[in-house]
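Enquirer: using only what follows, build the 3D model:
(chains A and B)
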Amino acid sequence: QVHLQESGPGLVKPSETLSLTCTVSNGSITTHYWTWIRQPPGKGLEWIGYIYFIGNTNHNPSLKSRVTMSLDTSENQLSLKLTSVTAADTAVYYCARIEGDNSIVYWGQGTLVTVSS
Amino acid sequence: DVVMTQSPLSLPVTLGQPASISCRSSQSLVYGDGKTYLHWFQQRPGQSPRRLIYKVFNRDSGVPDRFSGSGSGTDFTLKISRVEAEDVGVYYCMQGAHWPYTFGQGTKLEIK
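Expert: Alright, predicted model coming up:
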């Protein structure tokens, strides 16, 4: 059973950079595409972007160019950086593994990131 | 972006009664392989989403057979034949055919 665990600061100041890491266990990050999805408190789910280990990445155009995703194959981790954050970026951030039909079976437990001074 | 519109957004149901959630997409969800990339998720309070149905009608392992999915083109439905207490939560449809992939707004199922 693949397990994903997000980690990172729970509080980020406006205009600063949100940085999260997701550690994957019981499975290699080289076998699938991976994604970050976020959910503002009490609201719905939004795809942030996806990444594959050979360097194929894409992000949601709604986030413009604020998103950077990367993989560390030696640590079996994926990471997310979101720059110039505002209160609108306050959300639970999930890392997840993308299946062949572009859906998700394996999710992390999610981590709440609050943007506030 | 493909807009996914769910209805109703709130669904109070009596235990043992059926429930139905509609999901409409703003364009066809047929992927390059000819399959329809429409999936359903359940999110119980305080939990991560859980996939219930993939590619319209395929039920995931461990999902009770009271859950079923149907539809085609741009019109899809999730049905629960007899609602149980453990079904309380928010249900989302999601399209994986066109990037950015998108979810519906969610339908909150509660027990009446």
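Enquirer: how many neighbours does the residue of chain B found nearest chain A have?
Expert: As assessed by CB to the nearest CB, chain A sits closest to residue B:96 within chain B, at 2.8 Å. (C-beta placed from N, C-alpha, C; glycine too.) Neighbourhood size, residue B:96 [other CB atoms under 10 Å in any protein chain shown]: 25.
Enquirer: count the residues that sit near residue B:99.
Expert: Counted with other CB under 10 Å, residues neighbouring residue B:99 total 16.
Enquirer: assign it to helix, strand or coil.
Expert: Look at residue B:99: counting by DSSP: H, G, I helix; E, B strand; the rest coil, its state is coil.
Enquirer: so who does the residue of chain B closest to chain A touch?
Expert: A:101, A:102, A:103, B:29, B:31, B:37, B:38, B:39 (CB atoms under 8 Å, 6 or more residues apart in numbering or on different chains).
Enquirer: just give the closest residue to the residue nearest to the spatial centre of chain B, not the sequence neighbours.
Expert: Residue closest to the average C-alpha location in chain B (CA atoms, centre = their mean): residue B:40, at 3.4 Å. Counting by CB to CB, 6 or more residues apart in numbering or on different chains, residue B:40 lies nearest to residue B:53, which is 4.0 Å off, once chain neighbours are set aside.
Enquirer: now residue A:99
Expert: Closest to residue A:99 by CB to CB, 6+ apart is residue A:105, at 5.7 Å.
Enquirer: can you classify residue 65 as helix, strand or coil?
Expert: All of this is about chain A. Three-state call for residue A:65 (three-state DSSP): coil.
Enquirer: you looked at the wrong chain, it should be chain B
Expert: coil.
Enquirer: just the buried ones out of the contacts of residue B:96, please.
Expert: A:101, A:102, A:103, B:29, B:31, B:37, B:38, B:39 (16 or more other CB atoms under 10 Å in any protein chain shown).
Enquirer: in CSV, list those along with distance to residue B:78.
Expert: Shown next, in CSV, are the buried ones among the contacts of residue B:96 (distance: CB to CB, whole Å):
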residue, distance to residue B:78
A:101, 17
A:102, 18
A:103, 14
B:29, 15
B:31, 20
B:37, 15
B:38, 10
B:39, 10
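Enquirer: the strands in the chain, which residues?
Expert: With no chain named, the answer covers chain A. A:3-7, A:11-12, A:18-25, A:33-39, A:46-51, A:57-59, A:67-72, A:77-82, A:91-98, A:104-107, A:111-115 (DSSP state E).
Enquirer: think we crossed wires, I meant chain B
Expert: Shown for chain B, the strands assigned by DSSP E span residues B:4-7, B:10-13, B:19-25, B:38-43, B:50-54, B:58-59, B:67-72, B:75-80, B:89-95, B:102-103, B:107-111.
Enquirer: good, wrapping up.
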